[in-house]
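Q: what follows is a predicted protein model with its sequence.
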Amino acid sequence: MILYIVVFLSIIYQTSVRGNTILVTLYAMNLHANSTYLGLIVAASSLFPMLFAAYAGRVSDRIGLRLPLIAGMFGTGLALFLPYLFQNQLFILLFSQSLFGLSQIFTIVAFQNLIGALSTEETRSKYFATYTLGVSISNFLGPLITGFSIDHIHYSLTYMVLACISIVPGLFFISNTLHLPKTIQKEGNQKNCFVELLLKRSLRKTFITSGIILTGVGLYEFYFPIYGKTLGLSASTIGIIVSCNAIAYILSRLLMQWMLSKFKEETVLGGCLTISAVAFFLIPLFDKAYFLMIISFIMGLGMGCCQPLSIVMAYNRSPKGRTGEVLGIRLTVNKTVQFLVPILFGSVGSLLGFFPVFWSNAILLLFSGYSLIEKKSNSPGTN
């Protein structure tokens, strides 16, 4: 029962997070931000997570999970409320997104560590699949609510709506009605070294795979609203298209346990990355909303299983008592990617257009997917 309560609270919080992703891009474009400034605004939400995600994980290992969750949720609410207080100001978006990223990272690491602590080795894949299924529901609700709110109550009031949503779970955790498990203390002979975990062979593969996955996710989240805007699509239509991606996430995560019963993790990851590569290749070839909905759905089918699998792999391979820190390092890698993608591809896109941006990522995903499948097929014991 406690798992489903935690997942429900996560859905509420993540709805505001996913809403902000599409809102900040469209709002900055509405304020006539150029491509470089837009890239900096979007990247700002990944700056502090890139620097402090491992520290956030270490904090959740040391002091428990409740305080990081509360602080992160109320910090997110404040960050989202700032653009409502200071309307039509581009500079406030840089500050707001920086605070948003710092607050969000404490909450996300604590949520993931909490799901791991609630599970056993036998139930871990199921628990994280349930958790990421909740995230997928948020991925559907966030863009949908945000898109319609922008069209009906404009940008500033939409920020206020998302701010209120983000603090609701925080109020629940403050009330102390939910018993949270204690974190496991690390063994005394373990070093307190970030680099040691980053370079550990079994974890390094997980971090690299996770970074590749987030390259695709980050580029889609950043660039598709821009692409849709240049096609003349409304905010509501863009929100619906992005929500089709989230619906596919839900479907693929419902099927994840069945796929893992038939195939190994590497095979599932490789297949999903290949499907996503095909979707990225198709995006710039179409300009009609209904075709883009189908392509977005296909991409969601591919990307849906990738993130929960990378979380499970990271948690299972973590040293005792350092699960939060390892999850934090994984997010550091992810946020580094999310920080660089808007800056690099924002400039590239303004110079070369959409085709090179989407197709270069399709090649990266295709190569990565093929490498995982090929490695598995060539491993000892396979036919």
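A: Structure's in. What do you need? Numbers count the residues shown, from 1 in each chain.
Q: burial check on Arg330, number of neighbours?
A: Neighbour count of Arg330, defined by other Cβ atoms under 10 Å: 29. Heads up, the C-betas are built off the backbone N, CA and C, glycines and all.
Q: correct me, but it touches Phe207?
A: Yes - if you go by Cβ atoms under 8 Å, Arg330 and Phe207 touch, sitting 5.9 Å apart.
Q: mind listing the shared neighbours of these two?
A: Ala314 (Cβ atoms under 8 Å, 6 or more residues apart in numbering).
Q: so which helix or strand takes in the spatially closest residue to Gly142 that is not a sequence neighbour?
A: Distance criterion Cβ to Cβ, 6 or more residues apart in numbering; nearest residue to Gly142, sequence neighbours excluded, is Arg18 at 2.9 Å. Counting by DSSP states H and E, the element that carries Arg18 is helix 2-30.
Q: in stretch 149-161, which residues are buried?
A: For stretch 149-161, burial by neighbour count (16 or more other Cβ atoms under 10 Å) applies to 149-150, 155, 158-161.
Q: same thing with stretch 303-318?
A: Applying 16+ other Cβ under 10 Å to stretch 303-318 flags 303-315, 317-318 as buried.
Q: do stretch 66-73 as well
A: 66, 68-73.
Q: low pLDDT regions in the stretch 51-200 of the chain?
A: Applying pLDDT under 70 to the stretch 51-200 of the chain flags residues 182-200.
Q: where do the helices sit along it?
A: Along the stretch 51-200 of the chain, the segments classed as helices by DSSP state H, counting those that start in this stretch run 66-85, 90-118, 124-174, 194-199.
Q: and the ones you listed, which is most packed in?
A: Mean neighbour count (mean count of other Cβ atoms under 10 Å) peaks for helix 90-118 among the helices of the stretch 51-200 of the chain, with a mean of 23.
Q: what angle do that one and helix 124-174 make?
A: If you take axes from the mean of the first three to the mean of the last three Cα atoms, to 10 degrees, helix 90-118 sits at 120 degrees to helix 124-174.
Q: for helix 90-118, which helices and strands make contact with it?
A: In terms of contacts (3 or more Cβ pairs under 8 Å, 6 or more residues apart in numbering; DSSP states H and E), helix 90-118 is packed against helix 2-30, helix 35-63, helix 66-85, helix 124-174, helix 306-316, helix 323-352.
Q: got CSV for these, with distance to Tyr220 too?
A: Formatted as CSV, these follow (distance: least, Cβ to Cβ, whole Å):
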stretch, distance to Tyr220
helix 2-30, 10
helix 35-63, 12
helix 66-85, 22
helix 124-174, 11
helix 306-316, 13
helix 323-352, 10
